[in-house]
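> With the input below, show me the fold.
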Amino acid sequence: MTSPQVGIVFWIIAFVMLISAFMVVSLKNIFHSALFLILCLFSVAGIYVLLQAEFLAAAQVLIYVGAVAVLMLFAIMLTNNLASKKIRQANRNVLVGFFVSVIFCFITLVLLVKTYVSVWGKLKPQAVLPAQNVLVFGKYLMTKFMLPFEVVSVLLLAALIGAIVLARKERS
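Below is the predicted model:
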């Protein structure tokens with residue numbers, strides 16, 4: 001794709017990502033929130049494809065969309081009292097959340113400006129990626145970062161087992 005087409009596709013994907021992220025935190029139905037989370041994660045994978053990082057896009061889809069989102073949907077489906085009248089689905093701390101969000105956005109903008117001035121402004125526009133970046137990534141994943149990778153997989157397994165145990169206790 002040419003540069004103007006990439007820009008248009010980027011803004012479309014970014015718009016879908018922002019709207020779906022907003023829907024994740026604003027919907028009261030947790031199942032619908034999980035579906036919008038899947039759409040948001042797919043949008044992130046689309047951004048990776050635009051950045052020509054196909055391996056990261058595939059990993060994004062396989063790991064986050066395929067594993068974490070399915071795990072969340074599985075836990076939600078096992079929950080009996082999803083829409084019970086006992087469950088309060090509104091937050092009383094909206095004002096505190098708003099101020100924390102404004103502070104977070106301000107700090108993020110300050111860091112973005114500092115990063116642009118110190119790093120992004122000095123980058124060459126035609127930087128070439130190394131040809132063996134997937135090979136190097138796989139080598140690091142299987143040597144230096146093997147333990148954290150396995151710890152995360154065990155943590156996800158423990159979360160799945162915990163969701164099943166909690167769902168079974170609710171039914172009985």
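> all helices of this protein, in order?
Assigned by DSSP state H, the chain shows helices spanning 3-26, 30-50, 54-59, 70-78, 94-118, 133-142, 146-171.
> Can you dump the C-alpha atoms of the fourth one in CSV for me?
The one in question is helix 70-78. The C-alpha atoms that make up helix 70-78 are tabulated as CSV, following Å, rounded to 0.1, in the frame of the first residue of the first chain:
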residue,chain,number,x,y,z
VAL,A,70,-11.6,-17.0,25.3
LEU,A,71,-10.6,-17.6,28.9
MET,A,72,-12.6,-14.5,29.9
LEU,A,73,-15.6,-15.6,27.8
PHE,A,74,-15.3,-19.1,29.3
ALA,A,75,-15.3,-17.7,32.9
ILE,A,76,-18.2,-15.4,32.1
MET,A,77,-20.3,-18.2,30.6
LEU,A,78,-19.7,-20.4,33.7
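> That helix - contacts with which helices or strands?
Where contact means 3 or more C-beta pairs under 8 Å, 6 or more residues apart in numbering; DSSP states H and E, helix 70-78 is packed against helix 30-50, helix 146-171. Just so you know, the C-beta spots here come from the backbone N, C-alpha and C atoms, and that holds for glycine as well.
> Please apply the same query to the shortest one.
Packed against helix 54-59, as judged by 3+ C-beta pairs under 8 Å, 6+ apart, are the following elements: helix 30-50, helix 133-142.
> who wins for proximity to Phe106 among those helices?
Nearest to Phe106 among these is helix 30-50 (23.0 Å), distances taken as C-beta to C-beta.
> can you give me the angle the closest one makes with helix 3-26?
Between helix 30-50 and helix 3-26, the angle comes out at 160 degrees (axes from the mean of the first three to the mean of the last three C-alpha atoms, to 10 degrees).
> How far away from the center of its chain is helix 30-50?
Here helix 30-50 is found 7 Å from its chain centre; the criterion is C-alpha atoms, centre = their mean, to the nearest Å.
> before we move on, what about stretch 40-51?
Worked out by C-alpha atoms, centre = their mean, stretch 40-51 lies 10 Å from the chain centre.
> Just the buried residues of stretch 12-30, please?
For stretch 12-30, burial by neighbour count (16 or more other C-beta atoms under 10 Å) applies to Ile13, Met17, Ser20, Ala21, Met23, Val24, Ile30.
> need the helices of the chain in CSV with mean pLDDT, can you?
CSV is the format used below for the helices of the chain (pLDDT from 0 to 100):
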stretch, mean pLDDT
helix 3-26, 90
helix 30-50, 89
helix 54-59, 85
helix 70-78, 72
helix 94-118, 88
helix 133-142, 78
helix 146-171, 78
